[in-house]
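Undergrad: Next one to model:
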Amino acid sequence: MLRQFLAIFVDVVTPVFGLVLISYLAGPRLELKVRTLSRTAYFLFIPAFVFDIISKADIEAVLAVQMIAYIALVHIVLAAIALGIGKLLRRPKEVIGAYILIAAFANTGNFGLSLIDFRLGREGLAPATVYFLGLNVVNFTIGVGAASWSRGRGGWQSILSVFKTPAIIAVLPALLVNLAEVPVPLFLTRLIGLLSQAMIPTMLVTLGVQLADAGRPQINRDICIASAIRLIGGPIIAMLLVLPFGLTGLERVTGILQSSMPAAVLTAVIAIEYDMVPEMVTHTVLFSTLVSFFTLTVIMSMV
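TA: Okay, the predicted model is just below:
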């Protein structure tokens, strides 16, 4: 057991964190711009990756719906737990909103896909991508909804805008190619493949630069509570709910792992947009990412 734990820590977790650390240290010195990196990944690499994976995936439609329902319920339950804990502790409304935002918004892109690729190989990327896409809708719905609630603002336009994102748009042609077996020209397949391969390293570099911009985390009770809900509550709820949904194999493992990821950097963006304790949310992203270095190793050794 100890040997497996160390092997996962060294061979799976360390390379991912290593690239984030290199970017964290080198980004400011090289004057790398987060906006340039993130927009390149957002508009080019991520939709190419989604198309490449989904167009070749061998996942039944019924199973995909089952997976999305499972991962959605996990994060709805987490959001409800965050709401309950916040009210029990009598925290201010904006802090409760931050709890919910962090609980619902896991870093299934930068971190999740990278770690699953190293841990399970390309076979694990298909179900991991289904979870990633499904959670994009769930995350924005819960996250922006919580932010709007905490500030007394309407956020339906922001929630609906998720369906205009390049990654979601890429799903339709990918499904058409997959289900209708539409042939894709070789030059286009290779072009999409090259763009797809650039996604994971670019997203990890972007994460490192974003964390560097956030500065050193200032730890307090709210940051610890929000991180615990995300890093401990996530995998526990995922493990409990996977049984009634009957998911097994790669679908089970990837679902639990995607639910165990630290808070996504996008939570800080939403917190800033809605003026919802942005400093606390930003430091929680950095703190939960650092702590996940150990929690994810434990989860991966268990599943």
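Undergrad: buried sites along stretch 200-211?
TA: Ile200, Thr202, Met203, Leu204, Val205, Thr206, Leu207, Gly208, Val209, Gln210, Leu211 (16 or more other CB atoms under 10 Å). Backbone N, C-alpha and C define where each C-beta goes, glycine included.
Undergrad: which residue ranges form the helices in the stretch 101-250 of the chain?
TA: 114-120, 122-151, 156-160, 166-169, 171-179, 186-197, 199-214, 221-228, 234-245, 249-258 (DSSP state H, counting those that start in this stretch).
Undergrad: and of those, who's closest to Ser301?
TA: helix 114-120 (10.3 Å; CB to CB).
Undergrad: Tell me how many other residues crowd Ile272.
TA: Counted with other CB atoms under 10 Å, the neighbours of Ile272 add up to 13.
Undergrad: quick one: it from Trp149, how far?
TA: Distance, Ile272 to Trp149, using CB to CB, to the nearest Å: 17 Å.
Undergrad: again, but for Ile53
TA: 34 Å.
Undergrad: More neighbours: which of those two?
TA: A side-by-side neighbour count of Ile53 and Trp149, using other CB under 10 Å, places Ile53 first with 24 against 19.
Undergrad: In contact with that one, which residues?
TA: Leu125, Ala126, Thr129, Ala174, Ser196 (CB atoms under 8 Å, 6 or more residues apart in numbering).
Undergrad: how about those residues in JSON lines, adding neighbour count?
TA: Output for the contacts of Ile53, formatted as JSON lines (neighbours: other CB atoms under 10 Å):
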{"residue": "Leu125", "neighbour count": "23"}
{"residue": "Ala126", "neighbour count": "18"}
{"residue": "Thr129", "neighbour count": "27"}
{"residue": "Ala174", "neighbour count": "21"}
{"residue": "Ser196", "neighbour count": "20"}
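Undergrad: would CSV of those residues with distance to Arg3 be doable?
TA: Formatted as CSV, these follow (distance: CB to CB, whole Å):
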residue, distance to Arg3
Leu125, 26
Ala126, 29
Thr129, 31
Ala174, 39
Ser196, 34
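Undergrad: out of these, who's nearest Pro278?
TA: Thr129 (29.8 Å).
Undergrad: Report the spatially nearest residue to the closest one, omitting neighbours in sequence.
TA: Take Thr129 and drop its neighbours on the chain: the residue closest to it by CB to CB, 6 or more residues apart in numbering is Ile53, 4.6 Å away.
Undergrad: ditto for Phe5
TA: Per CB to CB, 6+ apart, closest to Phe5 is Ser301, 4.6 Å.
Undergrad: And that neighbour, how close does it get to Ile237?
TA: 19 Å.
Undergrad: Comparing the two, which residue is more hemmed in?
TA: Neighbours were counted for Ser301 and for Ile237 using other CB under 10 Å; Ile237 has more, 22 against 16.
Undergrad: I'd like to know which elements the strand or helix carrying Gln4 is packed against.
TA: For Gln4, the host element (DSSP states H and E) is helix 2-8. If you count contacts as 3 or more CB pairs under 8 Å, 6 or more residues apart in numbering; DSSP states H and E, helix 2-8 packs onto helix 278-302.
Undergrad: So which elements touch the helix it packs on?
TA: helix 2-8, helix 93-104, helix 114-120, helix 199-214, helix 221-228, helix 249-258, helix 266-273.
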